[in-house]
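> pasting the sequence and the predicted coordinates here, then a few questions.
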Amino acid sequence: MHVVIVGCGRVGSGLARIIEDQGHTVAVVDKEPKAFRRLHEGFAGQQVVGVGFDRDTLDEAGIRDAAALAAVTNGDNSNILTARVARETFGIDKVVARIYDPRRAVIYERLGIPTIATVQWTIDRTLRKLLPDASETDWVDPSARVVVIERPVAASWAGQPLTAIDIPGVSRAVAVSRMGAAQVATPELVTQDGDVVYLAVAVGHVEEVDKHLAGVAR
């Protein structure tokens, strides 16, 4: 698979290393030639100097043979333009854009452009480390109708089927982490003391789910 990465900062160069290590070909685009110094030793892909949303630049990077593109420069507008050109002009299905403004990220997600809102992600993860009770959700879908939460399983639920934790129409356990290893929820899975469960919850019902999890299993 050929992947085009636009932006050779820490994220772009890190992606290039991982993707190449997995056996794929990579072309990295950046408007600053000195940015390519960040690429790992032995990088075998293309280094293309230019602006990512320029069609000729993308052509030089092999966009017509690419299966995916990541726009990860430090500019929101550039990343969105690059993502749109890749999808709308060259028909690339797997496109992702790095966005610093979380408000823009939601808008572009609704337009069908997958985004990574780095600032909001960093804020959320930092809060969870500093103030464990400050953030009640781990993920919110772009339409703000479903959230995913991570919760420890009370000892009173031990021995009960994981499905017993579900509240029909409100929440569903989607995965469980046990002794540091996560697994997708199955009907046969039985909860154990010390489990951490991940639940998809309808927005506005997190408090209800927390009360349910704190109760005694029937």
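Good, I have the coordinates.

> where does pLDDT dip in the protein?
102-112, 117-138, 140-144, 216-218 (pLDDT under 70).

> hmm, 50 instead?
134-135, 218 (pLDDT under 50).

> all strands of it, in order?
2-6, 25-30, 46-49, 68-71, 94-99, 115-117, 139-140, 146-152, 171-178, 181-184, 196-202 (DSSP state E).

> give the pairing partners of the third one; include direction for each.
Going back to what we said before, that points to strand 46-49. Strand 46-49 has the following strand partners under DSSP bridges: strand 25-30 (parallel).

> ok, and what's touching the partner strand?
With contact meaning CB atoms under 8 Å, 6 or more residues apart in numbering, strand 25-30 is reached by 1-8, 12-13, 16, 19-20, 36, 39, 43, 45-50, 52, 57-58, 61-62, 66, 73. Just so you know, the C-beta spots here come from the backbone N, C-alpha and C atoms, and that holds for glycine as well.

> could you flag which of those residues are buried?
2-8, 12-13, 16, 19-20, 36, 39, 43, 45, 47-48, 52, 57-58, 61-62, 66, 73 (16 or more other CB atoms under 10 Å).

> which ones among these map onto helices?
With helices taken from DSSP state H, the overlap with the buried ones among the contacts of strand 25-30 comprises 12-13, 16, 19-20, 57-58.

> which members of those are the farthest-apart pair?
20 and 57 (20.3 Å; CB to CB).

> quick check: domain ranges of the protein?
2-123, 136-214 (automatic domain parsing).
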